[in-house]
Each structure stands twice: as structure tokens, then as C-alpha cells.
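[1] Fold the following for me, if possible:
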Amino acid sequence: MDTIAELEMKLAQPSDKLIAELAALDGDLMLLGVGGKMGPSLARLAVQAIRAAGIRKRVIGVSRFSNEAARRELEEAGVETLVCDLLNDKELQSLPEVGNVLYMAGNKFGTTGNEHFTWAMNAYLPGRVAEKFKNSRIVVFSSGNVYPFTSVGLGGVTELIVPAPTGEYAQSCLGRERIFEHFSHEYGIPMVIYRLNYAIDMRYGVLLELARSVQSGQPISLTTGHANVIWQGDANEMALRCLSVCSCPPNIVNITGPETMSIRWAAEEIGRRLDRQPVFEGTESDTALLSNASKSHQLFGYPQVSLLQMIDWTADWALNGGKTWNKPTHFQERKGNY
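    Residues are numbered from 1 along each chain as shown. Model prediction:
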């Protein structure tokens, strides 16, 4: 892939299973918080799957849309857009009723010093949304940050592990889950809690951050020496397919790749492709924030894009000077300060 257009086309390719599941699903789709990193490509994927199924189903993207060009691109792709400040209850209540909601709104970076806003977005707003869409299925985007750090030799934590979030951002993510869980019980709302850790495409993510460090000769810290990654196209597909496995109480599903990826190994693989030797500092800790996604792989199959393919694509993108976003993951953070 050499261009944004090719990347977006790849991200919007639905599988046969996704096409069949959306065809069998009743109701339109609404993406709340569509303006984030994953939202636009997820909306385009939904549109393409619906078209391939030969059915009539609306895909509605809701955001403040501070970027008018991004809104226009979504409209051109077949996504209906609605401008809405979700914290404005009058605007929230004016949204149309739909059968299926993907809740992607939230706040992470900039939490430190602005904790009140993060809690409002991540723990107060979910209650208002659940009240509004109590007759819908809801896939709630959450984070592997709700889990405790775990030994790198254990293969990541499963959905059975009791959450133990570190720092206010992660605590507010658990707050979001608990509020949605409460209203699922209160109204019988079928839900999935979608715990993601970490999605990438060529423009952002753990692998791009490693590639940039390798290119610039900047030392790569090994203190957090392991991580999970998943191709954003696979993460998007699994989010949409989660609509078919919503339940009450909520079905909790970890979403990531199957590997516990060594940061040292990944950087060296990228370095080989860039013809640069990575520079490391520090030593690997015995623990990291790692998820075991075996349940999602049983439900949806393994990701279609392998780790080595992601490394190949990222290295090529970096070599060719592809467009990137200034949206670091801070995967190295161990104290929960975002």
C-alpha cells in the first residue's frame, strides 16, 4: 500500500461472514463518536458490507465534526452524518432511534489535569446514552487498560480476570463499563463490552512508533517490553460482528492479536526492513498490559492480517514517507498517566 486511498480501500473490505451477519441483523447502525481514529474506517466498512449484502440499512455517524473535510469524506462514502455534542442532552435526545449502536465516544489523552472531563465522557455520558438507546443493541468500546499488569509468560489476561485499572483514565474506562452494565440489567439491553488493545494502521500505532524510532536512531525503551497489536481492519470487522453476540448481561470480549509481541523482536524486524539497527535502552520488565483474545478468535476467527504482514506494511509506509497522525499510543506508560 502506497497511498491513503489504497489503505482506506483495504480497511473497508468486508469478509463474507461480516456481510452475512449484517444482512441477518435487523435495524440501522449508528456510530457514536465516529470522528476518532477508528470511526471513519469502521463506518466505511459497514457501508461496504451492507452494499455487498444487497440490503437497505442506514449507517449513521455521529460526532462534533470539528473537521468538516472528514465529515464530507464520510458522506461521499455513503455514511449519513449528524453533528452532535453528546454531552449536550438536548442534542443527544434528538438523535434518531436505531437498532444497533457502536459507542466509540470517550477521552484518554489529556486526562492528567482535566480528569473531570474524562470522567464526564467516560462514566457519566454512558448512562445518558444507555437511557436514550435502551431499545438498541450496543457495542461498548472499552480498553485493555481496565486489566492489571500481568506476567509476560502467561499469554495475557482473559475476560475472567477481575479488572484492576491503574490511573484515572483506566478507572474511568471501568466506570464506563459498569454504568453500561447497570443499564443492561435495568432495561435488558443486549450489549458487548469490547476491550481493545492495541489497534494499528499505517498512520498510527505501536509498530509505527517503533519504525519512527528506528529511522531516527532514537532509543527504544524496553521497560515495557511486550505488547499486543491488531490490524485496524480486523478490529473494525470484529466490532461490527460483535452486534451478533450481544447479550444481557453484557458479553465481554477482548480484541487483539494472538501474539504476545516482544518489542525488541518487533523493532529488530522493522530495522531489517529499514536497513537500520535499532537502539535500545533499559531491560524488559516481567509484566506488561497484555490481553488474551482467544475468546474473540473462537467467535470470529483469527485476524486476517498477520503480525509479520503488519510489520512489512509499516516498514514500507515509513520508507516511502507515508502520511501519519500525531496520535501516540503511550503503550510504554506503566503508571496510568495520560
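
[2] what's the top helix by length along the chain packed up against?
    Using DSSP state H, we find that the single longest helix of the chain is helix 167-187. With contacts taken as 3 or more Cβ pairs under 8 Å, 6 or more residues apart in numbering; DSSP states H and E, helix 167-187 sits against helix 115-119, helix 125-132, strand 137-143, strand 191-196. Bear in mind the C-beta positions are built from the backbone N, C-alpha and C, glycine included.

[3] Can you say which of these is nearest to residue 97?
    Nearest to residue 97 among the helices and strands packed on helix 167-187 is helix 125-132 (8.6 Å), distances taken as Cβ to Cβ.

[4] Just the CA trace of that closest one, in CSV.
    Only the C-alpha atoms of helix 125-132 are listed here, as CSV (Å, rounded to 0.1, in the frame of the first residue of the first chain):
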residue,chain,number,x,y,z
LEU,A,125,-22.3,10.1,29.4
PRO,A,126,-22.7,6.3,29.1
GLY,A,127,-25.7,6.4,31.4
ARG,A,128,-27.4,9.1,29.3
VAL,A,129,-26.6,7.1,26.1
ALA,A,130,-28.0,3.8,27.7
GLU,A,131,-31.2,5.6,28.7
LYS,A,132,-31.6,7.0,25.2
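
[5] Check which helices and strands it is in contact with.
    Using 3+ Cβ pairs under 8 Å, 6+ apart, the elements in contact with helix 125-132 are helix 89-93, strand 100-103, strand 137-143, helix 167-187.

[6] got a list of contacts for it?
    By Cβ atoms under 8 Å, 6 or more residues apart in numbering, the list of residues contacting helix 125-132 from outside reads 32, 86-87, 89, 92-93, 95, 101, 103, 105, 138, 140, 176, 179-180, 182-184, 187, 189.

[7] for that helix, which positions count as buried?
    Burial within helix 125-132, assessed by neighbour count using 16 or more other Cβ atoms under 10 Å, is assigned to 125-126, 128-130, 132.

[8] Correct me if wrong: residue 262 contacts residue 228.
    No - counting by Cβ atoms under 8 Å, residue 262 does not reach residue 228; the two are 11.5 Å apart.

[9] Looking at those two, which one has more neighbours?
    Here residue 262 and residue 228 are compared on neighbour count by other Cβ atoms under 10 Å; more neighbours surround residue 228, at 27 against 16.

[10] Grab the nearest non-local neighbour of that one.
    residue 256 (3.9 Å; Cβ to Cβ, 6 or more residues apart in numbering).

[11] burial of the one you found, as a residue count?
    Residue 256 - counted by other Cβ under 10 Å - has 28 other residues nearby.

[12] What are the boundaries of the helices in the stretch 1-150 of the chain?
    Ranges of helices within the stretch 1-150 of the chain are 4-11, 16-24, 39-53, 68-76, 89-93, 115-119, 125-132, based on DSSP state H, counting those that start in this stretch.

[13] re earlier: can you report phi and psi for the residue nearest to residue 228?
    phi -170, psi -180 (degrees, to the nearest 10).

[14] residues contacting it?
    144, 156, 196-198, 228-230, 291, 293.

[15] now the helices for the stretch 151-300 of the chain?
    Taking DSSP H, counting those that start in this stretch to define them, one finds helices in the stretch 151-300 of the chain at 167-187, 206-216, 232-241, 263-274, 294-300.

[16] From the chain's centroid, how far away is the last one?
    Between the mean C-alpha location of helix 294-300 and the chain-wide mean there is a distance of 16 Å, by Cα atoms, centre = their mean, to the nearest Å.

[17] So which bits of the next helix-or-strand element following that helix are buried?
    Note on helix 294-300: by DSSP states H and E, the next helix or strand toward the C-terminus is helix 307-319. The neighbour-count check on helix 307-319 (16+ other Cβ under 10 Å) flags 307, 310-311, 313-318 as buried.
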